[in-house]
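Participant: how would this look folded up:
(2 chains)
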2 protein chains.
Amino acid sequence: MTKRLFEIDPWVIKTNQLAIDDKRLQESITSIGNGYMGMRGNFEEDYSGDTHQGLYLAGVWFPDKTRVGWWKNGYPKYFGKAINSPDFLRIPIKVNGATLDLAKTDFTDFDLELDMHDGVLRRSFIATFGDTKVKFSFLRFMSVVTRELGLITVSAEVLSGQAELEFAPSINGNVHNEDSNYEEAFWQFVNQEATADHYSLTMETKPNPFGTPRFSVTEQMTNLVESDAQVERTASASPAKVSETIKTTLKAGQKVILRKQIAVVTSRDVKTADQKAAATKVLAAAAEKSLATHLAEQDAAWRKRWAQADVEISGDPAAQQGIRFNILQLFMTYYGEDSRLNVGPKGFTGEKYGGATYWDTEAFIVPMYVSVTKPQVTRQLLEYRYNQLAGAFHNARQQGLKGALYPMVTFDGIECHNEWEITFEELHRNSAVAHAIYEYTDYTGDTSYVLTKGIDVLVGIARFWADRVHFSKRHQQYMIHGVTGPNEYENNVNNNWYTNQMATWVLRYTLEILQQVSSEKATELDVSAAEQDHWRDIVTRMYYPTDEKLGIFVQNDGYLDKDLRPVSTLDPSERPLNQHWSWDKILRSPFIKQADVLQGIYFLDDQFTLAEKKRNFDFYEPMTVHESSLSACIYGIIAAEIGEEDKAVSLYSRTARLDLDNYNNDTADGLHITSMSGGWLSIVQGFAGLRHHQGQLSFKPFCPENWQQYRFQINYRDRLLAVTVSHQATTLEVLSGDDLVVAVNGKEVSLPTAKAVTIANEAH
Amino acid sequence: MTKRLFEIDPWVIKTNQLAIDDKRLQESITSIGNGYMGMRGNFEEDYSGDTHQGLYLAGVWFPDKTRVGWWKNGYPKYFGKAINSPDFLRIPIKVNGATLDLAKTDFTDFDLELDMHDGVLRRSFIATFGDTKVKFSFLRFMSVVTRELGLITVSAEVLSGQAELEFAPSINGNVHNEDSNYEEAFWQFVNQEATADHYSLTMETKPNPFGTPRFSVTEQMTNLVESDAQVERTASASPAKVSETIKTTLKAGQKVILRKQIAVVTSRDVKTADQKAAATKVLAAAAEKSLATHLAEQDAAWRKRWAQADVEISGDPAAQQGIRFNILQLFMTYYGEDSRLNVGPKGFTGEKYGGATYWDTEAFIVPMYVSVTKPQVTRQLLEYRYNQLAGAFHNARQQGLKGALYPMVTFDGIECHNEWEITFEELHRNSAVAHAIYEYTDYTGDTSYVLTKGIDVLVGIARFWADRVHFSKRHQQYMIHGVTGPNEYENNVNNNWYTNQMATWVLRYTLEILQQVSSEKATELDVSAAEQDHWRDIVTRMYYPTDEKLGIFVQNDGYLDKDLRPVSTLDPSERPLNQHWSWDKILRSPFIKQADVLQGIYFLDDQFTLAEKKRNFDFYEPMTVHESSLSACIYGIIAAEIGEEDKAVSLYSRTARLDLDNYNNDTADGLHITSMSGGWLSIVQGFAGLRHHQGQLSFKPFCPENWQQYRFQINYRDRLLAVTVSHQATTLEVLSGDDLVVAVNGKEVSLPTAKAVTIANEAH
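Facilitator: Numbering: from 1, shown residues only, chains lettered A, B, ... in the order given. Sure, this is the predicted structure:
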């Protein structure tokens, strides 16, 4: 079922095969970005085979008018989408008048490499045109030093024969989203310039009836050419497209190098009228540096990132490659430079899902980023939600409810997903937003956010839950009907255990924090004693479906009445189910898309006994198909905790190599960016058993059988802590910062600064 | 909440007000048709205000590519839609160069009348243009004598001043469906002719990628003019439009009459090349008759229909008007002339819903038509489903299931609705198709259909249910999870009592019929003893949710856990809920859209005691909002049976005047054609208590308090039986056919032919 296009290598994603039949998959995996902009691994030159051309700018979006079969009252009016943006990548190439097109041209020695050290993508091959052979080498990266800058180089060396080479680097605004609801273009032309020394294109997003902000972008290019022969250059323009044509005729042994420098400036930072000047400045500065200097700077910047965040695995190169690929792609998507941004589910690698922000950020990104980046980065992700409180109030009002409902999908805080079972019912997302506040606060010890801003978010969410529950007179208990849990292979269920648990958790945590806020803040929040009493009543009398006989928490009412059977009874040809079964069949089946009860056990870790965790894992895991990218890591972490080490390792592999091995047969649509933290969490929280609670870090480490050892580092309250786990022992060292006391296998261990301490592992 | 645009009158739908603000509602109510074609009550002349222009041809449809937000595996590829067809109604008019347009022109003495005797629509008014006053009178009907013929006349009489009158009768192919998913046109041009003596337009439906049949239509017109002054006539044509311009200048007291004769011929009957000749023949024959003759013929044909089907109510003109309006509109939609047609939910009156055939036909139309039309008409409706068995097998396969699944919406047997909670889950429709076979067979005594064709349908449906149920090991019972019951205000529920009951009813009835088929048929059907045993096991061990304490059948699992409260607690400004509440709020509320448990009690009437019926009615009715047009009549019938006469009468009013009083605030979209049988059923099965079982007709009559009496007639096994119910007594008479023994209030009554027998009523 899996498909692996690239070779195993600890630091490089490489292949010698052009994947004609899986071009979209290959493009997804070779996507690059710098947090500001990014693109799929499309080719510079023409390519007439199947491809999905995609280039996206962070925070630049369009409200695409909702498309549904039957309108339902309360539906979002638009689906916010990352916009496929003016294409600055393209450099069509001709050799002796013939178009270079790897779907048609004869070629050998194909090589494609994404260097994970620094996010540089390289590609080369030898193309044959009659008696002429030319070696082409491409290189591209989006600068992490100057975020508005992209560098693309192509060199052509004639190996035999003679070649009249023609390059036509362009900027092209005639782009569209494949996922546009009404096949509309989202951009309109503003102006362009194509002269010998100035190539620029300015576009803006179309007016929209929803009142969401419009964006403009100016893209500008400078083409630097070094050739062994004379070069002829011509400027040309067509509607919303500027290009330069560069011709040079080379003999065997001669070479030409073209460096296409791109500057991208948007109205998010610079108003339209000033964009050209800003872009010109970026390009002028870039032209002053050699390519080698640019590469060295890029490499140095990435080296700093890796120095903090790298995870080293000995003995399993596939596992090693997986975790690095995840970290690379995450950091290429979001490294916390811009507080207005978030971590989109596909980053810059595809269009599916739309939106910039899902609950994935709080549930999966925050628990990793809090350890591998500075606290400010995580805090910024929290402030993003604080800044969107107005949208959350709006969303709750749309459902006739009080308080704040954070959206399933959004750019601006307003819900923009358009399936009723998601928009209206997948409410558990709201609690994840609250839980991330706890996660950040408890991990960092920084209470300043929760006491000043976080509490506003918490009170909003608490008020939502208090209004959303209903009281069942028959049972004399509070219930939550009509929800969709994390397991999206069930819909519109009653009393999803996870949703009910997390709702009361929010109420409890909010009540707890309310005790700590300043009296000014308390007055401002105005949560009356009666309101707090009502919350306590809900906490006390909430109904949670459980089964005494099986000793498990029940996913939701009626789940146990299903035709329960394990995934092992499925014919593999029916997987993934969502590509083979009709929706109703999936919904009524017992098969679970992703951690649901287990997600609750993960978040509320300290509320359950190991025996409870084990019984629930043993019951649910065999029925879980992990067809969400968010599933395997949660199961893996619990598996590790309950001593199911083999299971934990195989689930690690599934999460860390989900895209590299195309487990869910959908990576062609783009990478699963927000679940890429899963590999890291599987190792750190799973294998090493990291937990934190009230200033106490703890570990329960083991080393997977086929690994020799692994090593990772975490930031923790102004310290950098290194952890190395082998089969025999675990070594901890505070690399910088003060001494620290941690718990390993339940025992306290003192870690003096810069002194490695080794503790023997325990059998699980 | 209700809105009444027309006056109360026993035989006419009339008003003196042009409803500028409710034009669409007025248009829906003044729709006319003849079963072959029909149109909304649009104006002949220009009208610049809000309007929904709609003209439809029976059985002519287009597969509109499915529009959904998120594709789900198994979704229908297209939604079949009745097509807005080339517009033959229009006659733009100018007076002294100014356009007649009631949204702008000054007018007085407006009169609009739909005559229910014969389906003729008349309209008149006096328009003022400066010093000139002209009285315009329009008349139109779709002939029930020659179904391809439509007649439209306009007369203009100058009352003061002088008028240069210009009429421009046209046929215009530039029409589109308001509900088109992608704003596509469904028609393309074939050819046209516009000469002094020949105006025709031929269009065909566009090619489609789904392989469904394409249609062509030729529309042709002849304009007959009688004027007191000279007439100037000019032919003109523009793309896909032909028109004639007729000018005449009249003085005060002079008059012109234009008769626009229309012939409509489609590829359903005549191939494209021959359509013009066929249309020419229709028009030539029509021209030979005077308007008076045409009207007399139309009237005579309708008189025959009314002689069989009329229901007379004394003492309540609003109730009288309601029932006649329903019968008129039903017969204008479907009178059984064409076995390829069915009763569309909006008939010829709107576009909402698409499709030609819903379960409405079997559940609501058959029980009335079997009494008011010849048995062949009902049998034809059954054969329609038999002929679509292949589609039903396809639909089941789409869900990975065996047997036959009749569609929720279709033209050709293939499901074409595109909401998963309907398409995939509203499965109870399948049992209604089976139940109509029982209904027809038991009422008519004709077993020839069920034993030769019906049994194929029954076995297909039975096999579907046997595969669709699952066995809950925990309960050791069969269950049906993940369905939507008739109450569409809940979705994706488990063990809908109605669905479970009807599924086992199908299995039992199929087993019973299987005992009666010929041995050849049994061999052909090949239902093994083991398969029959499995069906019996399902019948024996099916789970039906019930509540012992309340003594009721439970709508579905979890229903009783809801926040149960009556409709009376709702703020009237929130009604109808589906226009005010978000979908999730509706779904988790206790409010019921339409009869669900009660629908089962209605169908399986003889399985339940009066006490059971009463308890369930008393429990569910207060929570029912009747926001489906199919609800009130079922509740009304049960209300009558359990002696809740007042309730039965108010529910009658709601069903019979649903559109005339716009109860659900959605008649602007078109009439609720398939629920128009509800008024008739409320009277006959409700007030008169008609039931049939194994050749025995029975009655339990009462007369509503504010009526003096009512009278209806039914066909029953080659007899025409008249029933008159007053407060004191019920009179029955076999008007034609053999003697009959019926039961009245449980006692046998002999009815000799042509002798009225009167029985005193009993107190309920």
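Participant: for the stretch 551-700 of chain A, what lies in contact range of chain B?
Facilitator: Contact residues (CB under 8 Å from any CB of the partner chain) of the stretch 551-700 of chain A with chain B: A:557-558, A:560-564, A:578-585, A:587-588. Glycine gets a C-beta too; all of them are placed from N, C-alpha and C.
Participant: among those residues, which lie within helices?
Facilitator: Of the positions in those, A:583, A:584, A:585, A:587, A:588 sit in helices, assigned by DSSP state H.
Participant: can you pull the contacts of the second one?
Facilitator: Residue A:584 makes contact with B:74, B:399, B:420, B:424, B:425, B:482 under the criterion CB atoms under 8 Å, 6 or more residues apart in numbering or on different chains.
Participant: from those, which are also near chain A?
Facilitator: Among the contacts of residue A:584, proximity to chain A is found for B:74, B:399, B:420, B:424, B:425, B:482 (CB under 8 Å from any CB).
Participant: which residue in these has the weakest pLDDT?
Facilitator: The member of the ones next to chain A among the contacts of residue A:584 with the lowest pLDDT is residue B:74, at 87.
Participant: what count of nearby residues applies to the nearest residue to that residue once chain neighbours are set aside?
Facilitator: With CB to CB, 6 or more residues apart in numbering or on different chains as the criterion, residue B:74 has its nearest non-adjacent residue at 2.9 Å, and that residue is residue A:582. When neighbours are counted by other CB atoms under 10 Å in any protein chain shown, residue A:582 registers 20.
Participant: just the element for residue A:396, please.
Facilitator: helix A:389-398 (DSSP states H and E).
Participant: ok, and what's touching the next helix or strand after that helix?
Facilitator: Sequence order places helix A:420-423 as the next helix or strand after helix A:389-398, per DSSP H and E. The contact list for helix A:420-423, computed with CB under 8 Å, 6+ apart, reads A:72, A:74-76, A:408, A:415, A:417, A:484, A:488, A:491-492, B:583-584.
Participant: let me see the contact set for residue A:301.
Facilitator: Shown in contact with residue A:301 (CB under 8 Å, 6+ apart): A:118, A:144, A:145.
Participant: hmm, back to that, which of the residues of the stretch 551-700 of chain A next to chain B count as buried?
Facilitator: Neighbour-count burial (16 or more other CB atoms under 10 Å in any protein chain shown) applied to those gives A:557-558, A:560-562, A:564, A:578, A:580-585, A:587-588.
Participant: how close does the nearest residue to residue A:289 once chain neighbours are set aside get to residue A:224?
Facilitator: Leaving aside its sequence neighbours, residue A:289 sits nearest to residue A:297 (CB to CB, 6+ apart; 7.7 Å). Using CB to CB, to the nearest Å, one obtains 17 Å as the distance from residue A:297 to residue A:224.
Participant: what of residue A:729?
Facilitator: Using CB to CB, one obtains 54 Å as the distance from residue A:729 to residue A:224.
Participant: one step back: which one of residue A:297 and residue A:224 is surrounded by more residues?
Facilitator: Applying other CB under 10 Å to residue A:297 and residue A:224 shows that residue A:297 carries more neighbours, namely 16 against 13.
Participant: just the closest residue of the stretch 1-150 of chain A to chain B, please.
Facilitator: residue A:74 (3.0 Å; CB to the nearest CB).
Participant: that residue against residue B:580, yeah?
Facilitator: No. Residue A:74 lies out of contact with residue B:580 (CB atoms under 8 Å); the separation is 9.6 Å.
Participant: give me the PyMOL select line for the contacts of residue A:301, limited to the buried ones.
Facilitator: Here is the PyMOL selection string for the buried members of the contacts of residue A:301, based on 16+ other CB under 10 Å:
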select buried, chain A and resi 118+144
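Participant: please enumerate the strands of the stretch 51-200 of chain A.
Facilitator: For the stretch 51-200 of chain A, applying DSSP state E, counting those that start in this stretch gives strands covering A:55-65, A:78-84, A:93-95, A:98-99, A:106-115, A:120-129, A:132-142, A:149-160, A:162-167, A:170-172, A:187-195, A:198-205.
Participant: how about the stretch 651-764 of chain A?
Facilitator: With DSSP E, counting those that start in this stretch applied, the stretch 651-764 of chain A shows strands at A:691-693, A:696-699, A:709-716, A:719-726, A:729-736, A:740-744, A:747-751, A:757-760, listed in chain order.
Participant: repeat that for the stretch 401-550 of chain A.
Facilitator: Using DSSP E, counting those that start in this stretch, the strands assigned to the stretch 401-550 of chain A run over residues A:470-472, A:477-479, A:546-547.
Participant: quick one: closest of the ones you listed to chain B.
Facilitator: The minimum distance between chain B and these falls on strand A:470-472, with 4.1 Å, by CB to the nearest CB.
Participant: quick one on the thing from earlier: nearest to residue A:84, of the contacts of helix A:420-423?
Facilitator: Nearest to residue A:84 among the contacts of helix A:420-423 is residue A:417, at 19.8 Å by CB to CB.
Participant: give me the neighbour count for residue A:197.
Facilitator: Neighbour tally, residue A:197, other CB under 10 Å: 7.
Participant: I misspoke; the intended subject was residue A:569.
Facilitator: Residue A:569 has 9 neighbours, counted by other CB under 10 Å.
Participant: what do you get for residue A:357?
Facilitator: Applying other CB under 10 Å, we find 27 residues neighbouring residue A:357.
Participant: show me the contacts for the nearest residue to it once chain neighbours are set aside.
Facilitator: Spatial nearest neighbour of residue A:357, chain neighbours left out: residue A:342 (4.1 Å); criterion: CB to CB, 6+ apart. With contact taken as CB under 8 Å, 6+ apart, residue A:342 is in contact with A:334, A:356, A:357, A:361, A:381, A:384.
Participant: again with residue A:492
Facilitator: Shown in contact with residue A:492 (CB under 8 Å, 6+ apart): A:421, A:425, A:482, A:483, A:484, B:491, B:492, B:587.
Participant: that one and residue B:417, how far apart?
Facilitator: 18 Å.
Participant: cool, residue A:699 as well?
Facilitator: 55 Å.
Participant: okay, these two: which has more neighbours?
Facilitator: Taking other CB under 10 Å, residue A:699 and residue B:417 do not tie; residue B:417 has more neighbours (25 against 22).
Participant: quick one: the helices in the stretch 601-750 of chain A?
Facilitator: Along the stretch 601-750 of chain A, the stretches classed as helices by DSSP state H, counting those that start in this stretch are A:610-620, A:632-641, A:645-656, A:677-681.
Participant: weakest of those helices in terms of mean pLDDT?
Facilitator: Note on the helices of the stretch 601-750 of chain A: helix A:645-656 shows the lowest mean pLDDT, a mean of 93.
Participant: that one to helix A:632-641, inter-axis angle?
Facilitator: 160 degrees (axes from the mean of the first three to the mean of the last three CA atoms, to 10 degrees).
Participant: show the pLDDT at the residue nearest to residue A:357.
Facilitator: 94.
Participant: next one: phi and psi at it?
Facilitator: Here is the backbone geometry of residue A:342 (degrees, to the nearest 10): phi -140, psi -170.
Participant: could you check how far residue A:246 is from chain B?
Facilitator: Distance, residue A:246 to chain B, using CB to the nearest CB, to the nearest Å: 42 Å.
Participant: spatially nearest residue to that residue (excluding sequence neighbours)?
Facilitator: residue A:167 (4.5 Å).
Participant: before we move on, what about residue A:137?
Facilitator: Spatially, and ignoring its direct neighbours in sequence, residue A:137 is nearest to residue A:124 (4.1 Å; CB to CB, 6+ apart).
Participant: so the one you found sits against residue A:107, correct?
Facilitator: No. Counting by CB under 8 Å, residue A:124 does not reach residue A:107; the two are 10.1 Å apart.
Participant: list the contacts for the residue of the stretch 501-650 of chain A at minimum distance from chain B?
Facilitator: Of all residues in the stretch 501-650 of chain A, residue A:582 sits closest to chain B, at 2.9 Å by CB to the nearest CB. Going by CB under 8 Å, 6+ apart, residue A:582 touches B:72, B:73, B:74, B:398, B:399, B:400, B:424.
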